[in-house]
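Peer 1: fold the following and give me the result.
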Amino acid sequence: MLESDYMKKITFLFSIVLYFLGHSIFAQVVGTREVNLFGKKETIKNGSVIRCASTQYEEFLKSKKTNRLSKTDFENWITPKVLESKKKQSESKGFRTNVLITIPVVVHVIHNGDVIGGDENIFDEQVISQIRVLNEDFRRRVSTPGFNSDAVGADTEIEFALAKRDPAGVLSNGIDRVSLTQENWSLEDIDAIVKPQTIWNPEKYLNIWVVKFSDQTVLGYAQFPSQSGLSGINANEGIAATDGVVIGYRFFGSSSYFAAGTYGADYDKGRTTTHEVGHWLGLRHIWGDGEVGKVDGCTVDDFCNDTPNAKEANEGCPTRIVDSCPDSAGVDMFRNYMDYTDDACMNIFTADQKLRMTTVLNNSARRVSLKNSDALTAGTVFTNDASILIVKLNLTSCSNSFAPVLKIVNKGSATITLATIRFGIDNANFRTVNWTGNLAPGETENITLNSLTTIGGNHSFIAEILTVNGTTDQNNNNNTETLKFSIVKSYATTSINFVLQRDFFGQETTWTLKNTLGTTVFEGGPYTNTSESAPLPAPFQTTFNLINNECYTFTIEDTEEDGICCEYGNGSYTLTTPTGEIIASGGEFGASESTSFRIDSLGNSEVKRFSSLILYPNPASTFINIFAENKLEIPEMYTLINNLGQIIESKTLITSEDLEINVSGLSKGIYFLKLTKNNFETKTIQFIRN
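Peer 2: This is a model prediction of the structure:
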């Protein structure tokens with residue numbers, strides 16, 4: 001179904017582009033859904049993406065700080081400066097308007113403890129491919145996708161480079177990986193939580209955040225430049241703590257230059273970032289960001305004379321001339337980076353857009369200071385500085401044992417011959433290993449640890465550098481790495497109940513249950529559609545009789561990628577044991593959702609950790625107390641261990657007085673208390689003697 005004029009008007013009225021995603025034309029194409037953009041609900045068509053939310057973001061910032069420059073205020077400020085730059089250009093009779101400007105960039109890769117290359121924790125190479133695209137596009141480089149032969153096409157003389165030092169002045173590669181606690185982020189939480197916690201000084205760096213949006217149809221947005229000090233306008237330089245660009249991780253980088261990355265079709269060439277950086281440098285959409293309620297977008301200006309008027313955003317990649325404003329000169333410049341066409345279709349910034357961006361860089365607060373930033377000067381290198389990375393855990397389906405692989409990196413100037421590394425699961429059961437070798441500056445080496453075992457469920461694996469060359473690591477900012485992982489849970493039954501409540505579009509729904517060999521042992525769907533005016537169809541129910549000591553994966557899929565809940569009928573599914581324990585459930589899952597589980601009818605069970613044990617006070621100087629909220633978890637024995645793994649003391653706990661331990665005789669430092677009950681380990685807790 002081609003985009004109708006009606007849907008174009010919806011697109012224009014809300015200043016947001018609504019795309020069809022590649023080949024995914026929804027069966028319910030006439031349907032719509034609500035999205036939340038910075039606290040405001042908007043209705044968009046099923047199957048569309050939100051190409052850019054910068055206009056909505058600017059309205060959001062303005063609502064929070066009423067003296068922020070409005071669009072009109074900003075244009076009143078920048079227009080005379082652009083005219084002044086244009087006059088100087090005309091007088092010099094040369095196209096070159098400024099010395100080449102190189103902008104230092106820090107890319108904050110915001111993830112949830114995934115291994116590098118997993119999901120939103122994208123590879124370095126994907127980041128590097130994006131910087132390459134920015135430079136090709138802004139420099140109009142010959143023999144690259146960023147080149148064009150248009151008469152008004154411009155080399156903007158703006159380049160980008162990953163920063164070589166962090167805010168502390170330490171050597172950096174410009175990629176800042178930050179593990180936060182959430183799997184994905186709403187637009188409001190990115191502003192309120194992510195940005196303030198992670199931003200580097202915006203007067204020295206262009207901050208780009210690569211994130212997993214809660215609504216993954218959002219591609220990106222940027223903060224426009226702002227300036228004040230003008231007559232009749234309150235002093236306001238914008239909000240420093242949020243200044244920068246935010247991009248969905250599947251739309252950052254180029255599959256042409258790094259095919260092994262994670263990308264979303266049609267937006268996999270890096271042009272979302274080019275577009276948003278254009279906003280960050282003061283460019284408007286080529287149709288001028290028409291105000292809500294305007295009928296004729298042809299009258300709204302983008303303040304660049306060499307971009308012909310356009311009525312609204314263009315989509316896809318038109319194969320013929322588009323003239324949405326026949327009463328205005330020129331035809332739609334749908335290959336402009338500030339339109340909404342597919343990545344592969346974009347290839348032009350114009351001379352007037354160049355003037356506008358360079359004017360911002362020469363005048364606007366925070367942008368102008370970037371030209372004198374020291375962020376591209378190599379930072380300090382410490383003598384003894386090692387970093388640790390978790391390469392992989394070597395998890396296999398259905399196993400609760402794994403052998404982690406770590407990477408030790410020599411970031412310092414001295415050769416590393418010895419490093420003490422501590423590691424553990426769920427901040428407990430810590431062990432240490434002493435690595436020996438001969439690691440020259442800049443070199444790396446992988447370390448495979450002995451096998452670890454834990455129970456089914458969600459966990460975190462932690463690795464930390466304790467010492468380097470027998471002394472303290474001089475840079476503790478890169479000493480710790482945490483990786484979240486899951487172990488398949490076991491269930492003591494061979495009988496699993498399955499209930500499926502379909503929505504009205506049963507033809508979209510299928511499901512499978514496969515064993516470890518990938519063989520389908522049960523499957524269902526597609527089902528029949530039912531009328532939306534009728535009650536939902538009766539639930540489908542069945543029982544899976546499964547083989548003991550085997551692992552299974554249940555997957556439910558929806559061909560239109562909108563799950564079975566909620567707009568088209570409140571559908572859901574559940575997998576339960578005969579006793580009612582839920583193995584998997586859901587309904588609002590997009591394209592698909594999978595859950596793995598193990599059948600162990602003999603109950604060779606997983607010993608659950610005692611969860612209510614704590615130590616207090618921590619840190620402690622004289623006494624530390626063992627406390628169990630659940631009295632059944634009071635341990636029978638403790639073992640006191642130092643940070644080298646040496647046992648200092650073991651004691652059987654007989655009376656309540658034994659739960660108070662005198663630590664005054666210990667040297668200051670980190671210790672571990674291993675607490676046991678019924679002859680198996682229950683918990684190891686770290687404490688500090690201060």
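Peer 1: quick check: buried residues in stretch 261-278?
Peer 2: In terms of neighbour count (16 or more other C-beta atoms under 10 Å), stretch 261-278 has its buried residues at 261-264, 266-278. The C-beta positions use only the backbone N, C-alpha and C, and glycine is treated the same way.
Peer 1: ok, and the closest non-adjacent residue to T299?
Peer 2: Distances taken as C-beta to C-beta, 6 or more residues apart in numbering place N309 nearest to T299, at 7.8 Å, with adjacent residues excluded.
Peer 1: which of the three states applies to that neighbour?
Peer 2: With DSSP: H, G, I helix; E, B strand; the rest coil as the basis, N309 sits in coil.
Peer 1: my read is that it contacts V331, right?
Peer 2: No - N309 lies out of contact with V331 (C-beta atoms under 8 Å); the separation is 9.8 Å.
Peer 1: between those two, who's got more neighbours?
Peer 2: Per other C-beta atoms under 10 Å, whichever of N309 and V331 has more neighbours is N309, with 24 against 15.
Peer 1: select from the buried residues of stretch 261-278 every entry located in helices.
Peer 2: R271, T272, T273, T274, H275, E276, V277, G278 (DSSP state H).
Peer 1: distance of the last one from S486?
Peer 2: By that I understand G278. Distance, G278 to S486, using C-beta to C-beta, to the nearest Å: 40 Å.
Peer 1: what does N545 give?
Peer 2: N545 is 26 Å from S486, by C-beta to C-beta.
Peer 1: one more: G525?
Peer 2: G525 sits 26 Å away from S486, going by C-beta to C-beta.
Peer 1: which one's more surrounded, those two?
Peer 2: Neighbours were counted for G525 and for S486 using other C-beta under 10 Å; G525 has more, 18 against 11.
Peer 1: least confident secondary structure element in this structure?
Peer 2: Ranked by mean pLDDT, DSSP states H and E, the helix or strand of the chain with the weakest confidence is helix 5-13, at a mean of 34.
Peer 1: what's near enough to touch the spatially most central residue of the chain?
Peer 2: The chain has V211 as the residue nearest its centroid, 2.3 Å off, counting by C-alpha atoms, centre = their mean. With contacts defined as C-beta atoms under 8 Å, 6 or more residues apart in numbering, V211 is in contact with I110, E120, N184, W185, I190, V194, V246, I247, G248, Y249.
Peer 1: any quick ChimeraX command for the buried ones out of these?
Peer 2: Per 16+ other C-beta under 10 Å, the buried members of the contacts of V211 correspond to this ChimeraX selection:
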select :110,120,184,185,190,194,246,247,248,249
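Peer 1: reformat the contacts of V211 as JSON lines; add pLDDT and secondary structure.
Peer 2: Output for the contacts of V211, formatted as JSON lines (pLDDT from 0 to 100; DSSP: H, G, I helix; E, B strand; the rest coil):
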{"residue": "I110", "pLDDT": "96", "secondary structure": "strand"}
{"residue": "E120", "pLDDT": "95", "secondary structure": "coil"}
{"residue": "N184", "pLDDT": "92", "secondary structure": "coil"}
{"residue": "W185", "pLDDT": "94", "secondary structure": "strand"}
{"residue": "I190", "pLDDT": "95", "secondary structure": "helix"}
{"residue": "V194", "pLDDT": "94", "secondary structure": "helix"}
{"residue": "V246", "pLDDT": "97", "secondary structure": "strand"}
{"residue": "I247", "pLDDT": "98", "secondary structure": "strand"}
{"residue": "G248", "pLDDT": "97", "secondary structure": "strand"}
{"residue": "Y249", "pLDDT": "97", "secondary structure": "helix"}
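Peer 1: which one of the contacts of V211 is nearest Y616?
Peer 2: V194 (32.1 Å; C-beta to C-beta).
Peer 1: the closest one contacts W185, correct?
Peer 2: Yes - between V194 and W185 there is a contact under C-beta under 8 Å: 6.0 Å.
Peer 1: need the overlap of contacts for these two.
Peer 2: Common contact partners of V194 and W185 (C-beta under 8 Å, 6+ apart): I110, V211.
Peer 1: walking through the stretch 51-200 of the chain, point out its strands one by one.
Peer 2: 101-111, 158-162, 175-179 (DSSP state E, counting those that start in this stretch).
Peer 1: hmm, I typed the wrong one, I wanted the stretch 301-450 of the chain.
Peer 2: 386-392, 401-402, 405-410, 416-425, 428-439, 444-448.
Peer 1: what's the mean pLDDT across stretch 626-645?
Peer 2: For stretch 626-645, mean pLDDT is 78.
Peer 1: can I get that stretch as PDB, trimmed to CA atoms?
Peer 2: Extracted in PDB, the C-alpha atoms of stretch 626-645 (Å, rounded to 0.1, in the frame of the first residue of the first chain):
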ATOM      1  CA  ILE A 626      26.100 -11.200  60.400                       C
ATOM      2  CA  PHE A 627      22.400 -10.600  60.000                       C
ATOM      3  CA  ALA A 628      19.800 -12.900  58.500                       C
ATOM      4  CA  GLU A 629      16.300 -11.500  58.000                       C
ATOM      5  CA  ASN A 630      15.100 -15.100  57.400                       C
ATOM      6  CA  LYS A 631      16.200 -16.900  60.600                       C
ATOM      7  CA  LEU A 632      16.300 -20.200  58.600                       C
ATOM      8  CA  GLU A 633      19.200 -18.800  56.700                       C
ATOM      9  CA  ILE A 634      21.500 -18.200  59.800                       C
ATOM     10  CA  PRO A 635      24.800 -19.800  58.700                       C
ATOM     11  CA  GLU A 636      26.500 -22.500  60.600                       C
ATOM     12  CA  MET A 637      30.100 -21.500  59.800                       C
ATOM     13  CA  TYR A 638      32.100 -18.600  58.400                       C
ATOM     14  CA  THR A 639      35.500 -18.400  56.700                       C
ATOM     15  CA  LEU A 640      37.400 -15.100  56.700                       C
ATOM     16  CA  ILE A 641      39.500 -14.600  53.500                       C
ATOM     17  CA  ASN A 642      41.800 -11.800  52.500                       C
ATOM     18  CA  ASN A 643      41.900 -10.200  49.000                       C
ATOM     19  CA  LEU A 644      44.700 -12.700  48.000                       C
ATOM     20  CA  GLY A 645      42.400 -15.600  48.600                       C
END
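Peer 1: in it, which residues are buried?
Peer 2: I626, A628, E633, I634, P635, Y638, T639, L640, I641, N642, N643.
Peer 1: tell me where the model's unsure across the stretch 101-250 of the chain.
Peer 2: 227-238 (pLDDT under 70).
Peer 1: distance from the chain centre to stretch 189-198, please.
Peer 2: Centroid separation for stretch 189-198 versus its chain: 12 Å, with C-alpha atoms, centre = their mean, to the nearest Å.
Peer 1: ugh, typo on my part, it should be stretch 50-62
Peer 2: 19 Å.
Peer 1: what comes up buried for stretch 544-552?
Peer 2: In stretch 544-552, counting by 16+ other C-beta under 10 Å, buried: F544, L546, C551, Y552.
Peer 1: hang on, the earlier thing: and of the buried residues of stretch 626-645, the nearest to G470?
Peer 2: Of all the buried residues of stretch 626-645, N643 has the smallest distance to G470: 13.7 Å, by C-beta to C-beta.
Peer 1: for the nearest residue to G424 once chain neighbours are set aside, give me its contacts.
Peer 2: Excluding the flanking residues, the one nearest G424 by C-beta to C-beta, 6+ apart is F430, at 3.8 Å. By C-beta under 8 Å, 6+ apart, F430 lies in contact with R422, F423, G424, F672, T684, Q686.
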